[in-house]
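Visitor: heads up, no residue letters with this:
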């Protein structure tokens with residue numbers, strides 16, 4: 001839950017602090033003493049921007065807990081202003097610097113009162129921190145959760161902050177985005193607009209900690225340790241420069257507490273105690289609570305979000321089913337996690353998107369949207385869904401997402417000679433398959449090595465989704481199929497899914513599928529992209545959960561079964577002369593923990609001796625035709641095969 005664009009002065013966390021509200025970090029040497037006074041107000045000029053008055057307070061909650069809150073009010077403003085608030089577990093002491101950043105420039109120019117708050121148990125706030133605190137029992141009037149804390153904070157602000165206009169907006173990225181969602185479940189009447197960005201929605205199905213039941217090892221371990229080993233932020237200090245080696249040396253996850261954590265990370269203990277989609281994970285999931293659109297909502301996502309892409313799409317789609325007043329909006333851009341806060345947002349890794357997508361989003365979408373709801377300013381011209389079509393490198397407007405018209409789902413089949421085609425295979429032989437050996441002792445790395453810690457100086461975690469995939473294609477345990485060079489552009493808009501007819505000699509397996517844009521060998525003079533293999537969509541399915549996430553089931557060795565891997569949605573244009581590629585593999589390390597390939601009740605409790613090699617087969621016969629379902633917009637004439 002972080003954003004790689006922030007300034008890092010607190011232990012070089014290039015990503016975690018920016019998940020606050022924008023892309024600004026804070027100094028390392030901060031006093032951690034708790035404020036005991038119920039309310040202590042100090043008016044001062046900020047070090048970075050003398051045009052604001054600063055009020056630092058301890059806001060009382062209904063149960064007597066006080067939350068550390070900092071308020072920045074524009075100096076010399078005429079008239080009453082709305083409040084923009086963000087709540088965070090990442091610390092707020094350096095947020096004055098944010099007010100002079102480009103990510104807030106349009107808001108500062110428009111005129112708002114800015115409020116930042118440490119949530120319970122974090123930094124200078126009182127109370128106990130609970131990771132993604134579950135929703136309270138609403139029948140218990142004394143119960144508290146993040147929703148009640150947001151409500152109580154707004155109530156206090158309206159009474160104690162001078163010259164507010166009685167309207168409040170909330171926004172935040174990642175964990176603060178999730179806190180924004182919590183605030184809108186039982187909103188204070190003054191909460192008039194919210195924008196959750198990259199908010200997780202379900203930590204077992206598709207966000208930070210698991211994808212389709214497969215545990216996100218490196219992120220889960222490193223996030224739990226940085227958040228829970230102290231009240232501050234304390235990154236784990238690895239003794240090896242390449243995390244591939246460190247996690248492989250750790251062995252089975254059963255050694256983590258024994259050798260490293262010693263039961264000091266509550267979230268890790270929860271991972272171990274809840275290996276399946278039980279009530280613990282179901283209670284944290286937000287979709288069941290999104291039964292009404294109570295506040296105008298602008299959900300923001302990035303196509304290359306390395307942490308929470310599933311969440312915002314799930315939140316938007318769930319709300320959309322209840323949106324009778326047209327209050328639910330979606331924006332998806334060419335960003336990584338929090339990339340909309342980048343100064344320009346034109347480039348991500350080696351990929352140039354042609355226009356400053358972040359700057360144009362903030363100026364043309366974000367700022368006018370909040371001004372409309374909080375100031376009655378202007379007219380609302382925003383489409384239901386605004387998405388950036390990478391490849392074409394232009395913004396598109398839709399009246400729904402995924403689009404309901406103009407798009408046809410087409411099966412793109414994996415064929416002999418590692419080709420892709422719209423034509424279904426005609427081979428009736430049972431042996432029509434491609435195979436590889438998956439060895440847990442030598443798993444496929446998720447990116448070219450060395451792999452650095454997520455929260456470290458020089459970390460490139462934030463851009464791995466746009467890494468060149470040629471390093472993987474060359475491995476014997478990765479299968480690839482591709483089209484010939486496209487004779488014309490192929491545009492996809494909507495949901496993507498891979499349907500693998502596969503078998504394994506083991507009794508459990510992971511299936512990782514990547515949809516890739518293969519650039520031409522000579523890419524219009526841009527040598528660094530010659531032959532580049534850019535992931536457009538990807539994900540993993542842990543096969544034990546193929547029939548549901550609550551009750552894992554072993555695979556029958558050598559039995560052919562259909563596995564559906566959700567690759568989510570995309571708006572992308574494969575350009576003329578490019579190729580479309582599909583890669584399949586069975587490990588993605590240490591992004592995903594190693595599957596023993598021997599069924600055990602819990603992989604967290606697996607023994608080192610449970611890990612065994614297995615032969616994996618992907619079938620392409622007439623009866624068992626593996627394919628990827630692509631939402632092709634307009635004509636499919638650019639694709640090989642039947643038209």
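Guide: Cool, the structure landed. Just so you know, these numbers come straight off a predicted model, no measurement behind them.
Visitor: where do the strands sit along the stretch 351-500 of the chain?
Guide: Ranges of strands in the stretch 351-500 of the chain, per DSSP state E, counting those that start in this stretch, are 351-352, 385-389, 394-398, 407-415, 419-421, 433-438, 478-482, 490-504.
Visitor: Tell me the buried residues in the longest one?
Guide: When you say that, I think you mean strand 490-504. Across strand 490-504, burial judged by 16 or more other Cβ atoms under 10 Å covers 490-504. For the C-beta atoms, the positions are set from N, CA and C on the backbone; glycine is no exception.
Visitor: do the third one as well
Guide: Residues 395, 396, 398 are the ones in strand 394-398 that count as buried (16+ other Cβ under 10 Å).
Visitor: For the last one, give me its contacts.
Guide: Contacts for residue 398 were tallied using Cβ atoms under 8 Å, 6 or more residues apart in numbering; they are 383, 384, 385, 386, 387, 493.
Visitor: circling back to that earlier point, return the closest of the buried residues of strand 394-398 with respect to residue 360.
Guide: The shortest approach to residue 360 among those belongs to residue 395, at 7.7 Å (Cβ to Cβ).
Visitor: ok, how many other residues are close to the residue nearest to the closest one when sequence neighbours are not counted?
Guide: Of all residues not flanking residue 395 in the chain, residue 388 sits nearest, at 5.6 Å (Cβ to Cβ, 6 or more residues apart in numbering). Look at residue 388: counted by other Cβ atoms under 10 Å, it has 24 neighbours.
Visitor: got it, and residue 450?
Guide: For residue 450, the neighbour count with other Cβ under 10 Å is 12.
Visitor: before we move on, what about residue 577?
Guide: For residue 577, the count of nearby residues is 16 (other Cβ under 10 Å).
Visitor: go on, residue 189?
Guide: For residue 189, using other Cβ under 10 Å, the count is 11.
Visitor: what about it, distance to residue 227?
Guide: To residue 227, residue 189 is 33 Å away according to Cβ to Cβ, to the nearest Å.
Visitor: biggest separation within the buried residues of strand 490-504, which pair?
Guide: Greatest spatial distance among these (Cβ to Cβ): 491 and 504, at 35.1 Å.
Visitor: how about residue 617, what does it touch?
Guide: Taking Cβ under 8 Å, 6+ apart, we find residue 617 in contact with 433, 434, 435, 502, 503, 504, 560.
Visitor: tell me the contacts of the first one?
Guide: With contacts defined as Cβ under 8 Å, 6+ apart, the neighbours of residue 433 are 503, 617, 618, 619, 620, 621.
Visitor: Narrow these to those in strands?
Guide: 503, 617, 618, 619 (DSSP state E).
Visitor: Excluding covalently adjacent residues, which one is nearest to residue 406?
Guide: Leaving aside its chain neighbours, residue 406 sits nearest to residue 633 (5.8 Å; criterion: Cβ to Cβ, 6+ apart).
Visitor: The one you found touches residue 492, doesn't it?
Guide: Yes - counting by Cβ atoms under 8 Å, residue 633 does reach residue 492; the two are 6.7 Å apart.
Visitor: Not counting sequence-adjacent ones, nearest residue to residue 440?
Guide: In space, and not counting its chain neighbours, residue 440 is closest to residue 611: 4.1 Å by Cβ to Cβ, 6+ apart.
Visitor: State the phi and psi torsions of the one you found.
Guide: Here is the backbone geometry of residue 611 (degrees, to the nearest 10): phi -80, psi 120.
Visitor: if I pick it, what's in contact with it?
Guide: 252, 440, 441, 594, 596, 597, 598.
Visitor: I'd like the residues you listed laid out as TSV, including secondary structure.
Guide: What follows is the contacts of residue 611, written out as TSV (DSSP: H, G, I helix; E, B strand; the rest coil):
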residue	secondary structure
252	coil
440	coil
441	coil
594	coil
596	coil
597	coil
598	coil
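Visitor: What is the nearest of those to residue 413?
Guide: residue 597 (26.8 Å).
Visitor: element containing residue 558?
Guide: For residue 558, there is no host helix or strand (DSSP states H and E).
Visitor: Which residues does the closest residue to it other than its chain neighbours form beta bridges with?
Guide: Spatial nearest neighbour of residue 558, chain neighbours left out: residue 503 (5.4 Å); criterion: Cβ to Cβ, 6+ apart. Beta-bridge partners for residue 503, by DSSP bridges, are residue 617.
Visitor: Now do the same contact list for residue 503.
Guide: For residue 503, the contact set (Cβ under 8 Å, 6+ apart) comprises 433, 557, 558, 559, 560, 561, 616, 617, 619.
Visitor: The first one bridge partners, please.
Guide: It refers to residue 433. Beta bridges link residue 433 to residue 619, judged by DSSP bridges.
Visitor: Distance check, it against residue 558.
Guide: Distance of residue 433 to residue 558, computed by Cβ to Cβ: 11 Å.
Visitor: so how far is residue 262 from residue 53?
Guide: Distance of residue 53 to residue 262, given as Cβ to Cβ: 46 Å.
Visitor: higher neighbour count, the two?
Guide: Taking other Cβ under 10 Å, residue 53 and residue 262 do not tie; residue 53 has more neighbours (19 against 9).
Visitor: The helix or strand harbouring the more buried one pairs with which strands?
Guide: Using DSSP H and E, residue 53 sits in strand 52-60. Strand 52-60 has the following strand partners under DSSP bridges: strand 44-45 (antiparallel), strand 66-74 (antiparallel).
Visitor: thinking again about what came up before, wait, which of the buried residues of strand 490-504 is closest to residue 578?
Guide: In terms of Cβ to Cβ, no member of the buried residues of strand 490-504 lies closer to residue 578 than residue 490, at 8.6 Å.
Visitor: thinking again about what came up before, and the contacts of residue 398, which are buried?
Guide: Those of these that meet the buried threshold are 383, 384, 385, 386, 387, 493, by 16+ other Cβ under 10 Å.
Visitor: Tell me the confidence at the nearest residue to the last one once chain neighbours are set aside?
Guide: Going back to what we said before, that points to residue 493. Closest residue to residue 493 apart from its sequence neighbours, by Cβ to Cβ, 6+ apart: residue 633 at 4.5 Å. Note for residue 633: predicted pLDDT of 94.
Visitor: How about the one 3 residues further on?
Guide: pLDDT, the model's per-residue confidence, is 83 for residue 636.
Visitor: Kindly report the same for residue 99.
Guide: 89.
Visitor: Surely it is in a helix?
Guide: Yes - the assignment for residue 99 (three-state DSSP) places it in a helix.
Visitor: Please work out how many residues are found near it.
Guide: By other Cβ under 10 Å, 21 other residues sit near residue 99.
Visitor: again with residue 149
Guide: Residue 149 has 26 neighbouring residues, counting by other Cβ under 10 Å.
Visitor: Ramachandran angles for the nearest residue to it once chain neighbours are set aside?
Guide: Computed as Cβ to Cβ, 6+ apart, the closest residue to residue 149 that is not its neighbour in sequence is residue 61, at 5.7 Å. Dihedral pair for residue 61: phi -90, psi 170, per degrees, to the nearest 10.
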